[in-house]
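S.K.: Need coordinates for the following:
(one chain, ligands or ions: 1)
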Amino acid sequence: MGEFQATSDRFLAWFKSVGGQFREELLQIVDSRHRGAGRGIVATKDIPQETALFTIPRHAIINVLTSELPKKLPGVFSSSANDDAGDEDEDMDGSDAPDSWGSLILVMLYEYLQGDTSRWKPYFDVLPDQFDTPIFWSDAELKELEGTSLTPEKIGKQESDAMLRSKILPVVLQNASVFYPEGAAHLGEDELLRLAHRMGSTIMAYAFDLDNDDAPEDEDEDGWVEDREGQTMLGMVPMADTLNANAEFNAHVNHGEALEVTAIRSTIQAGSEILNYYGPLPTSELLRRYGYVTPQHQRYDIVDIPWSLVRTILRDHLGLSHDVWNKLQSQMDEDEIEDSFIIERDSGDPDSEGRLTETPVLREISSELDEQIKSFLKALKKLDASRIPDKRKRDDIRNAVVAKVLDARLAQYPTTAQNDEALLARDDLPHRHRMAVHVRLGEKKLLQEAIDLLQSQAQGGLHSENDHEPSSKRPRN
Ligand SMILES: C[S@@+](CC[C@H](N)C(=O)[O-])C[C@H]1O[C@@H](n2cnc3c(N)ncnc32)[C@H](O)[C@@H]1O
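M.R.: Reported below is the predicted structural model:
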């Protein structure tokens, strides 16, 4: 037996030893590394709908309620517990208390550093030590994402470095005797930072928001719900996080007294993978959070249109001087100006069995973008009515500007869709490069749909004008 399988077996044995129930007669933990999907769980028999597949007792979860760390460092954790709701940002930037994310990183660091003495050791052994999320990509790999909505700011390497350095590392360094078992070697700061990143990324791709909606009312006080403006608690849920996921899925994690994973398909066929759901995420976001891409998520792809791009094109298109432009800007309410706009399809929701039944359709470019351009043009009309004599002229300008914006946005990608298709046809393309190409090609396809939509709307506009003949000229039915 290979080491990978032996580690899975030890994990399953541990899971059962802590009170987890796993329907071994129906399920198997499998090795899906050949398709870049790590471990997964497959059905070994046909499974009827609503079958309970496995159950995780809450004490098997890793979080601030189950780990010993918060008891050992009450000063660090109680301040986060006593924070007022809604000031999560302040936690990160202002006060010293870690938020729920930071708290779980500390707990994970602590449990990991306990090594064999952590009661979750066999669970840590199945958690990854490497990730394909872009935060770990080299500069050359990141370059392949140029033009996409996955900007360096969105990937947030610097921000998370800064957060870990200011909020997490000091807690470990100042409480080394708590974090390290006696006699254990202490990590250097760089190593500790790497480990903290690893735990942060594990949490990003594996942790669950623990709500308690399904619990009976009298159990609401058991501490599993932070009863503050709907905030939930993050936790690592062994076995539930062995499930891979897709936009079409067949299982659901129910949050009750214990967490129970049930089959939601009328039948899950023997041999199929049991799949969880991460939500209607665009390919870019799936990659950012989970480090993988799938064709099923492409329907949710998005393109962002920065207002800075629209502004430049609007100004050039209208041939406005700096002075006029500044006057125009000063008439706008700055708080009302959006920085960017999202183009997305209407993709429908998965049905109750986790199937996608609707064809995704792009119905509009962006009504918010339209509105913002309109507001600028209205303000311009007030300054100089001759530029925009009527609504028709305003609509013409708006359409022309949006058309130019879409072309300019498409030109921001260093490669064309044809280049990308050719790259995907190669079988020697490195995995990360391939994923980046999927992200940018998905966005380009959506932009092309937007360009086509705008053109067909313009043509539709022409037709409908022709249609506005006096009704007497129309044939009577
Ligand atoms: C919660 S874990 C699922 C278990 C994971 N496969 C493992 O080996 O531990 C989430 C991670 O699994 C991988 N994953 C999940 N769904 C996937 C899919 N449909 N295809 C490829 N990888 C997937 C991604 O690496 C993701 O970050």
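S.K.: ends of stretch 29-47, how far apart?
M.R.: 16 Å (Cα to Cα, to the nearest Å).
S.K.: pLDDT averaged over stretch 198-207 - what is it?
M.R.: Throughout stretch 198-207, pLDDT has a mean value of 98.
S.K.: Can you pull up the most central residue in this protein?
M.R.: Nearest to the geometric centre of the chain sits Glu285, at 4.0 Å (Cα atoms, centre = their mean).
S.K.: element containing it, please.
M.R.: In the assignment (DSSP states H and E), Glu285 maps to helix 283-290.
S.K.: List the contacts of stretch 257-264.
M.R.: Contacts of stretch 257-264 with the rest of the structure, by Cβ atoms under 8 Å, 6 or more residues apart in numbering, involve 47-58, 61, 208, 215-216, 219, 237, 239-240, 243, 249-254, 274, 276, 352-354. Yep, even glycine has a C-beta here, placed from its N, CA and C like the rest.
S.K.: still on that earlier bit, return the distance of the helix holding Glu285 from the chain's centre.
M.R.: 5 Å (Cα atoms, centre = their mean, to the nearest Å).
S.K.: Which strands or helices does it pack on?
M.R.: Packing contacts for helix 283-290, counted by 3 or more Cβ pairs under 8 Å, 6 or more residues apart in numbering; DSSP states H and E, involve helix 189-206, helix 431-467.
S.K.: Excluding sequence neighbours, find me the nearest residue to Asp420.
M.R.: In space, Asp420 comes closest to Leu441 once its chain neighbours are excluded; the distance is 4.1 Å by Cβ to Cβ, 6 or more residues apart in numbering.
S.K.: and Arg392, what helix or strand is that in?
M.R.: Per DSSP H and E: helix 391-411 holds Arg392.
S.K.: Buried ones in that helix, by neighbour count?
M.R.: Of all the residues in helix 391-411, those buried under the rule 16 or more other Cβ atoms under 10 Å are Arg394, Ile397, Arg398, Asn399, Val401, Val402, Ala403, Lys404, Val405, Leu406, Arg409, Leu410.
S.K.: How about the residues of the stretch 151-300 of the chain by the ligand?
M.R.: Ala205, Tyr206, Asp241, Thr242, Leu243, Asn244, Ala245, Asn246, Tyr290, Gly291, Tyr292, Thr294 (Cβ under 6 Å from any ligand atom).
S.K.: Quick one: neighbours of the fourth one, just the number.
M.R.: For Thr242, the number of neighbouring residues by other Cβ atoms under 10 Å comes to 26.
S.K.: ok, now which ones touch it?
M.R.: By Cβ under 8 Å, 6+ apart, Thr242 lies in contact with Ile29, Arg39, Gly40, Ile41, Val126.
S.K.: quick one, strands of the stretch 251-400 of the chain?
M.R.: Counting by DSSP state E, counting those that start in this stretch, one finds strands in the stretch 251-400 of the chain at the ranges 251-255, 259-263, 267-268, 275-276, 302-306, 340-344.
S.K.: measure the spatially closest residue to Ala247 that is not a sequence neighbour to Tyr277 for me?
M.R.: Excluding the flanking residues, the one nearest Ala247 by Cβ to Cβ, 6+ apart is Gln296, at 3.9 Å. Noted for Gln296: a distance of 11 Å to Tyr277, by Cβ to Cβ, to the nearest Å.
S.K.: Please identify which of the two sits among more neighbours.
M.R.: Tyr277 (19 against 16).
S.K.: about what we covered before: can you select the buried ones from the contacts of stretch 257-264 in ChimeraX?
M.R.: Only the buried entries of those go into this ChimeraX selection, using 16+ other Cβ under 10 Å:
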select :47,51,53,54,55,56,58,61,208,215,237,239,240,243,249,250,251,252,253,274,276,353,354
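S.K.: Next, check the contacts of stretch 257-264 against the strands and list the overlap.
M.R.: In this view, the contacts of stretch 257-264 that belong to strands under DSSP state E are 47-48, 52-56, 208, 251-254, 276.
S.K.: nearest to the ligand, of the residues you listed?
M.R.: Ranked by distance to the ligand (Cβ to the nearest ligand atom), those are led by Asn276 at 7.4 Å.
S.K.: if we can go back for a sec, now render the helices and strands packed on helix 283-290 as JSON lines, adding mean neighbour count.
M.R.: Listed next are those as JSON lines, based on neighbours: other Cβ atoms under 10 Å:
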{"stretch": "helix 189-206", "mean neighbour count": "18"}
{"stretch": "helix 431-467", "mean neighbour count": "17"}
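S.K.: No further questions, thank you.
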